[in-house]
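Novice: Sequence and predicted structure below; questions after.
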Amino acid sequence: MTIEQWGVRVPARQGEETRQALIREGALDASLKVLRDGDMLILPILSEQKGADRFTFEAHPGRDPLLRHELVGGIAILQEDDMAGAEKILASRPSLHTVVYAKGEVSGEYRTREFTILAGKPTTRTQVTEHGHRFIIDLAGAYFSARLSTERQRILEMVQDGEVVLDMFAGVGPFAITLAARAALVVAADLNPQAVGLMLENLAQNRARNVLPLLADARHLAGILPWQFDRIVMNLPLSGTEFLPDAFRLCRQGGTIHFYALVSAEGEHTARIQELGGTVLAEREVRSYSPGQWHAVYDVWTG
Ligand code: SAM
């Protein structure tokens, strides 16, 4: 039987060392065989991570393949309501405390999903480690996507020491806390009280002392914030366009806006950005959303 799964490509001489590290992290998909491609090995992993790609693997004969699932901290998320499958997943890895079924899609103003607990501890709260930061999240209470970790690092590399940054849709704070390492001040707003509550916990446990959390609707920020920002992060891909004029008002001339949007054609939002006085420095695909649609990020210069 062949199965499509995430895989990481490593030189064959580093294969065993990487395999052991993936086992320790609970990330290796042990139900699938390692692929060989010349001098490289492709190790099957249970969820997307930096540098991973999709590959077709052969299942180990006699090893019951685990149901397809995504790992977020100590929680495995299934797309199927299968309690027996969930128990098997829970037993397969000591780092897991809960297995849930994702009942619906991400929806509503807070961008959250509904889950049913299938196995383990009855909670949707867990902790995720990302590039040296620890984020407490609650899958049902506030948005969080581990798939954006590479994107957060990409933006961090662009931040100059001492910048004043605004995260208009901050969730539990992963962008804000990441960028705070270089910025002088990060203002982080969200209108979901649970997200802001978790952000406070995350600020404390990551000792981020230069982030100002705000329980606020981004519609009001231009009216209440006394600063103009060097950089603005706008991570609300489905309806961020509505907030672009406010972002331009809040950004200093010559600043940068990272605008995330759902698109079905390259350049879809360029004309609107130019109309507001911005220049698109780069447009990149962040991740696919549905056939023919993807999340893109526009890096915009407000010169
Ligand atoms: N940036 C965070 C991250 O990467 O985990 C969260 C991004 S999530 C796609 C969008 C967030 O925007 C949600 O937490 C939601 O509650 C918040 N939100 C939606 N509408 C908003 C508004 N009008 N003002 C402030 N926050 C808003």
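Specialist: Thanks, I have the structure now. Residues are numbered from 1 along each chain as shown.

Novice: just how off-centre is the helix or strand that V8 is a member of within its chain?
Specialist: V8 belongs to strand 2-11 when elements are defined using DSSP states H and E. Relative to its chain's centre, strand 2-11 lies at 21 Å (C-alpha atoms, centre = their mean, to the nearest Å).

Novice: Note down every partner strand of it and its orientation.
Specialist: strand 40-45 (antiparallel), strand 53-58 (antiparallel) (DSSP bridges).

Novice: Tell me the buried residues in it?
Specialist: For strand 2-11, the neighbour count (16 or more other C-beta atoms under 10 Å) marks Q5, W6, G7, V8, V10 as buried. In this view, the C-beta of every residue, glycine as well, is placed from N, C-alpha and C.

Novice: before we move on, what about stretch 127-137?
Specialist: Of all the residues in stretch 127-137, those buried under the rule 16+ other C-beta under 10 Å are V128, E130, H133, F135, I136, I137.

Novice: Just the ones of these in strands?
Specialist: Among the buried residues of stretch 127-137, the members found in strands (DSSP state E) are V128, E130, H133, F135, I136, I137.

Novice: residue contacts, the fifth one?
Specialist: Spelled out, it's I136. For I136, the contact set (C-beta atoms under 8 Å, 6 or more residues apart in numbering) comprises R125, T126, Q127, V172, L198, E201, N202, Q205.

Novice: can you do 6 Å?
Specialist: The contact partners of I136, taken as C-beta atoms under 6 Å, 6 or more residues apart in numbering, are Q127, L198, E201, N202.

Novice: Same check on the third one?
Specialist: With contact set as C-beta under 6 Å, 6+ apart, H133 has these partners: I177, N206.

Novice: interface residues of the chain facing the ligand?
Specialist: Contact residues, the chain versus the ligand (C-beta under 6 Å from any ligand atom): 109-111, 142-145, 148, 169-171, 174-175, 189-192, 195, 217-219, 235-236.

Novice: Just the buried subset of these, written out for ChimeraX, thanks.
Specialist: Selecting only the buried entries of those in ChimeraX, with 16+ other C-beta under 10 Å as the criterion:
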select :110,111,142,143,144,145,148,169,170,171,174,175,189,190,191,192,195,218,235,236
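
Novice: can you tell me which of the residues of the chain next to the ligand are in helices?
Specialist: P174, F175, A195 (DSSP state H).

Novice: any chance of these in TSV, plus pLDDT?
Specialist: What follows is those, written out as TSV (pLDDT from 0 to 100):
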residue	pLDDT
P174	98
F175	98
A195	98
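
Novice: how about those residues in CSV, adding distance to V263?
Specialist: Below are these laid out as CSV (distance: C-beta to C-beta, whole Å):
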residue, distance to V263
P174, 23
F175, 20
A195, 25
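
Novice: Out of the ones in strands among the buried residues of stretch 127-137, show me where the pLDDT dips lowest.
Specialist: Ranked by pLDDT, those bottom out at E130, which scores 91.

Novice: and the strands paired with strand 2-11, which one is worst for confidence?
Specialist: Among the strands paired with strand 2-11, strand 53-58 scores lowest, at a mean of 91.

Novice: That one: which residues count as buried?
Specialist: Applying 16+ other C-beta under 10 Å to strand 53-58 flags F55, F57 as buried.

Novice: And the following helix or strand past it, how far out from the chain middle?
Specialist: Counting by DSSP H and E, the next helix or strand C-terminal to strand 53-58 is strand 69-72. Strand 69-72 sits 13 Å away from the centroid of its parent chain (C-alpha atoms, centre = their mean).

Novice: Stretch 100-120 too?
Specialist: 16 Å.

Novice: Compute the first-to-last residue distance for that stretch.
Specialist: End-to-end distance of stretch 100-120: 9 Å, with C-alpha to C-alpha, to the nearest Å as the criterion.

Novice: ok, the closest residue to L236 other than its chain neighbours to T279 distance?
Specialist: Nearest residue to L236, sequence neighbours excluded (C-beta to C-beta, 6 or more residues apart in numbering): F169, at 4.3 Å. F169 sits 23 Å away from T279, taking C-beta to C-beta, to the nearest Å as the criterion.

Novice: quick one: contacts for L262?
Specialist: P237, L238, Y289, Q293.

Novice: Give me the subset of the residues you listed lying in strands.
Specialist: Y289, Q293.

Novice: Just among the contacts of L262, which is most surrounded?
Specialist: If you count neighbours using other C-beta atoms under 10 Å, the busiest of these is P237, which has 21 neighbours.

Novice: Sweet, I'm off.
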